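S.K.: my questions are about this predicted structure, shown below with the sequence.
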Amino acid sequence: KDLPLTERLNDCNSIIILVTSFNSINNNIIIMEVGKLVAVIGDEDTVTGFLLAGVGHRTADSTNFLIVKQDTKLSQVEEAFLNFSQRDDVGIILINQHIANDIRHVLKDYTQTIPTVLEIPSKEHPYDPEQDYIMQRVNMYLGGGN
């Protein structure tokens with residue numbers, strides 16, 4: 001017999017996005033597909049927080065996070081974003097908005113739905129929806145201009 005969902009989740013080493021289907025008659029999970037990782041590009045505080053929450057995933061070849069410091073080259077950030085966006089095991093890319101602003105030229109060319117790119121605030125830089133390209137697109141589709 002299958003383990004309850006909570007027991008199956010406790011066996012995971014990383015937080016993953018679960019795609020589930022529900023039986024509408026008795027609300028039992030009948031299908032659970034393979035999950036996807038959350039990738040994080042951010043400052044040290046942001047990435048550390050997500051790693052402590054269990055988002056981190058490391059293999060011999062790669063990780064799903066990049067800590068951006070003052071001396072991190074822009075090309076490293078661009079390369080990490082392009083790498084995460086091409087991986088089949090990544091479902092969401094979280095990026096601090098102030099870092100996203102630095103690679104805005106790359107983000108504007110990104111058209112895929114998955115992995116989804118979400119811009120998030122950091123401790124030092126509050127969130128500004130007017131700078132968020134996704135929010136600009138939503139505003140455009142809702143008839144808000146630009």
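M.R.: Great, that's in hand.

S.K.: how far away is the nearest residue to Gly91 once chain neighbours are set aside from Asn64?
M.R.: Closest residue in space to Gly91, ignoring its immediate chain neighbours: Lys36 at 3.0 Å, by CB to CB, 6 or more residues apart in numbering. Backbone N, C-alpha and C define where each C-beta goes, glycine included. Distance of Lys36 to Asn64, computed by CB to CB, to the nearest Å: 10 Å.

S.K.: for stretch 127-144, give the mean pLDDT please.
M.R.: The predicted model assigns stretch 127-144 a mean pLDDT of 76.

S.K.: hmm, who's touching that stretch?
M.R.: For stretch 127-144, the external contacting residues (CB atoms under 8 Å, 6 or more residues apart in numbering) are 97, 100-101, 104, 107-108, 117-121, 145-146.

S.K.: number of nearby residues for Gly35?
M.R.: A count of neighbours around Gly35, defined by other CB atoms under 10 Å, yields 17.

S.K.: from memory it sits against Gly91, does it?
M.R.: Yes - with contact defined as CB atoms under 8 Å, Gly35 counts as touching Gly91 (7.5 Å).

S.K.: burial count for the residue nearest to Gly91?
M.R.: As a burial measure, Lys36 scores 18 neighbours (other CB under 10 Å).

S.K.: phi, psi of it?
M.R.: phi -120, psi 160 (degrees, to the nearest 10).

S.K.: show me what the longest helix anywhere in the chain is packed up against.
M.R.: Using DSSP state H to define each element, the chain has its longest helix at helix 74-86. Judged by 3 or more CB pairs under 8 Å, 6 or more residues apart in numbering; DSSP states H and E, the packing partners of helix 74-86 are strand 36-42, strand 65-67, strand 90-96, helix 97-102, helix 104-109.

S.K.: partner strands of the shortest one, with direction?
M.R.: Based on DSSP bridges, the strands next to strand 65-67 in the sheet, each with its direction, are strand 36-42 (parallel).

S.K.: now do the strand it pairs with, average pLDDT.
M.R.: 94.

S.K.: so which bits of the following helix or strand past that strand are buried?
M.R.: Later in the chain than strand 36-42, the nearest helix or strand by DSSP states H and E is helix 44-52. Buried residues in helix 44-52, counting neighbours by 16 or more other CB atoms under 10 Å, are found at 46-47, 50-51.
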